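# just need the structure, nothing else, for what follows:
(one chain, ligands or ions: 2)
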Amino acid sequence: MKCPKCSASEIVSTMATELGVGRDEMPSLCAGCGGMWIPGHTALRAIFDQTTWRPSVALTTAPDVAHERKTGNCPRGHGLLMRAKVYEEEPYYLEKCPKCGGYWFDHGEWDRLLGSRDRVHLQEFWCDAWQVRKQREQREQLAERALIERLGEGLFLEIKALSAKLRDHPHKDQALALLREQMNTRQG
Ligand SMILES: [Zn+2]
Ligand SMILES: [Zn+2]
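Numbers count the residues shown, from 1 in each chain. Ligands and ions are numbered 1, 2, ... in the order given. Down below sits the predicted model:
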């Protein structure tokens, strides 16, 4: 099968029998770019469960960073793969074939996914609802970071702690009124 990203290379089955999946379900690797093709959900589950197995390939050249920016083609001939953004400190894109359900990981992306809290949600990465939720979370994180920068981390954390204490307090209105009053009172 042709590598989704390097037109000249073929992907080669890892024959990872320890994964306990059929021949057609075995992950395949590209020696040209170090990318990995996982033929579908069964194979993906098997690799997640087999925590000791790691894809390893002797690269013929250094991995091409431009691969991340281009969308590959399904090695099974189903046309363009579908990209999904992974929201990390440094976001990246994973690819999946909408027809056969195979996944493509550029060099290093598999390890990044394993290190991510969101890995258990991999199936959802290609859903609009997930993308919208992650976008919102990222916006909130950025807003919080900006606020911390302005207020200072100490004050920010104190306000957070105070809010947590007051949230379910039966007299929180009075507490808020007191806070407002104290803020407007000049002490001298
Ligand atoms: Zn390749
Ligand atoms: Zn496909």
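# same for the longest helix anywhere in the chain, what does it pack against?
Longest helix in the chain, counting residues (DSSP state H): helix 128-151. Identification of packing neighbours for helix 128-151 by 3 or more CB pairs under 8 Å, 6 or more residues apart in numbering; DSSP states H and E yields strand 82-86, helix 153-166. Where you see a C-beta, it was placed from the backbone N, CA and C, and this is true even at glycine.
# out of these, deepest packed?
Highest mean neighbour count among the helices and strands packed on helix 128-151 (mean count of other CB atoms under 10 Å): strand 82-86, with a mean of 17.
# show me what that one is packed up against.
Counting by 3+ CB pairs under 8 Å, 6+ apart, strand 82-86 packs on strand 92-96, helix 128-151.
# the host helix or strand of Gln174 vs helix 153-166, what angle?
In this structure, Gln174 sits in helix 172-184 according to DSSP states H and E. Helix 172-184 runs at 150 degrees relative to helix 153-166, counting by axes from the mean of the first three to the mean of the last three CA atoms, to 10 degrees.
# ok, back up a step: could I get the helices and strands packed on helix 128-151 as TSV with distance to ligand 1?
Shown next, in TSV, are these (distance: least, CB to the ion, whole Å):
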stretch	distance to ligand 1
strand 82-86	17
helix 153-166	44
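# I'd like the ones you listed as JSON lines, with distance to Lys172 and mean pLDDT appended.
Below are the helices and strands packed on helix 128-151 laid out as JSON lines (distance: least, CB to CB, whole Å; pLDDT from 0 to 100):
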{"stretch": "strand 82-86", "distance to Lys172": "39", "mean pLDDT": "95"}
{"stretch": "helix 153-166", "distance to Lys172": "5", "mean pLDDT": "94"}
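# between these, which one is nearest to ligand 2?
Closest approach to ligand 2 among the helices and strands packed on helix 128-151 is made by strand 82-86 (10.2 Å; CB to the ion).
# wait, does the closest one contact ligand 2?
No: using CB under 5 Å from the ion, strand 82-86 never reaches ligand 2; the gap is at least 10.2 Å.
# now do the contacts for the residue nearest in space to the middle of the chain.
For the chain, Val86 is the residue whose C-alpha lies nearest the centre (CA atoms, centre = their mean; 3.5 Å). Residues near Val86 by CB atoms under 8 Å, 6 or more residues apart in numbering: Tyr92, Tyr93, Leu94, Arg112, Leu113, Ser116, Asp118, Phe125.
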